[in-house]
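J.: next come a sequence and a model predicted from it.
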Amino acid sequence: MDISDTEAALWIRRFDGAPDAPARLVCFPHAGGAASFFQPVARALAPAADVISLQYPGRQDRRREPVISSVEEYAARLTAVLSGLPPKPTVYFGHSMGAILAFEVAHRLAAGGGDAPASLVASGRRGPATVREEFVHRLGDDGIIAEVQELGGTDTALLDDEEIRRMALPAIRGDFTAIETYSCPPDRLVPCPITVFIGDTDPKVTAEEARTWQQHTTGAFAMHVYRGGHFFLVEHSADVLARLRAELARVAATPAVRA
């Protein structure tokens, strides 16, 4: 799929641009999340890394665009966008739904002979083929909002504002539909190492479920468990950033190998 510079600009946000950095970090937000969630990451890692945060349709400055409600469509469109970036040692970092999108894009790029990431960091999500029956996307508006607020995050208090809630709900529902109807073959692989971060009280993933990510890579696997719930990475940002910084340095120093 060809993609124009204008289309790419809709998806890509650079809060602290460092296009000449030796490595790139691509950040995939959670369900209902926005690129701005990763603004602190971009500021902390610049100028050592070129940090790209992805902005999904249906929220913030893209709120008038149709929402996406399937992982397949997300992955196809994101693959088109990211395949157009100049080659550079790259780490994909996705939280919750973003971890699955990062995995699916990495798989597509590797399978197509494209410039796949050198490393994948999956946060707050069970392995791709590990199934739970979840139906949040079928709830009424109040039920969906309750779910989002229970999980926490940095900006859930904004949903108490009726106007903001009305604008945010379509994207939140679309994302929950996408991730809750997603399925993955158990033999789907990426050739890059996978590192997993989880919180020890996260209701969305257990340590056992998180370890199943190991089945989806032909490379190395590591897992780090933090104290906290679904958004543990906010509370433990210093340690998460240190691990990301180390991974970016590693991939920058490792000769590229075409899958």
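T.: In hand now; what should we look at?

J.: how about low-confidence regions in the stretch 1-150 of the chain?
T.: 1-4 (pLDDT under 70).

J.: if you set the cut-off to 90 instead, what comes out?
T.: 1-8, 16-20, 113-115, 132-150 (pLDDT under 90).

J.: for it, which segments are assigned as strands?
T.: Taking DSSP state E, counting those that start in this stretch as the test, the strands found in the stretch 1-150 of the chain are 12-13, 23-28, 49-54, 90-95, 119-123.

J.: counting by contacts, list what the first one packs against.
T.: To tie it back to what came earlier, the one meant is strand 12-13. Other elements packing on strand 12-13 under the criterion 3 or more CB pairs under 8 Å, 6 or more residues apart in numbering; DSSP states H and E are strand 49-54. No exception for glycine: its C-beta is placed from N, CA and C like everyone else's.

J.: now do the contacts for V196.
T.: 121-123, 210-211, 213, 221-224 (CB atoms under 8 Å, 6 or more residues apart in numbering).

J.: hmm, back to that, got a markdown table for the strands of the stretch 1-150 of the chain, with mean neighbour count and distance to E162 too?
T.: Shown next, in a markdown table, are those (neighbours: other CB atoms under 10 Å; distance: least, CB to CB, whole Å):
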| stretch | mean neighbour count | distance to E162 |
| --- | --- | --- |
| strand 12-13 | 20 | 27 |
| strand 23-28 | 26 | 29 |
| strand 49-54 | 26 | 28 |
| strand 90-95 | 27 | 27 |
| strand 119-123 | 27 | 31 |
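
J.: list the residues that contact P22.
T.: Contact analysis of P22 by CB under 8 Å, 6+ apart lists 48-49, 88-89, 252.

J.: read off the pLDDT value for the residue nearest to V131 when sequence neighbours are not counted.
T.: Closest residue to V131 apart from its sequence neighbours, by CB to CB, 6 or more residues apart in numbering: S183 at 7.3 Å. We have a pLDDT of 96 for S183.

J.: pull the number of nearby residues for S183.
T.: By the criterion of other CB atoms under 10 Å, S183 has 8 neighbours.

J.: hang on, the earlier thing: so which of the strands of the stretch 1-150 of the chain comes closest to A102?
T.: Counting by CB to CB, A102 lies closest to strand 90-95 out of those; the figure is 3.5 Å.
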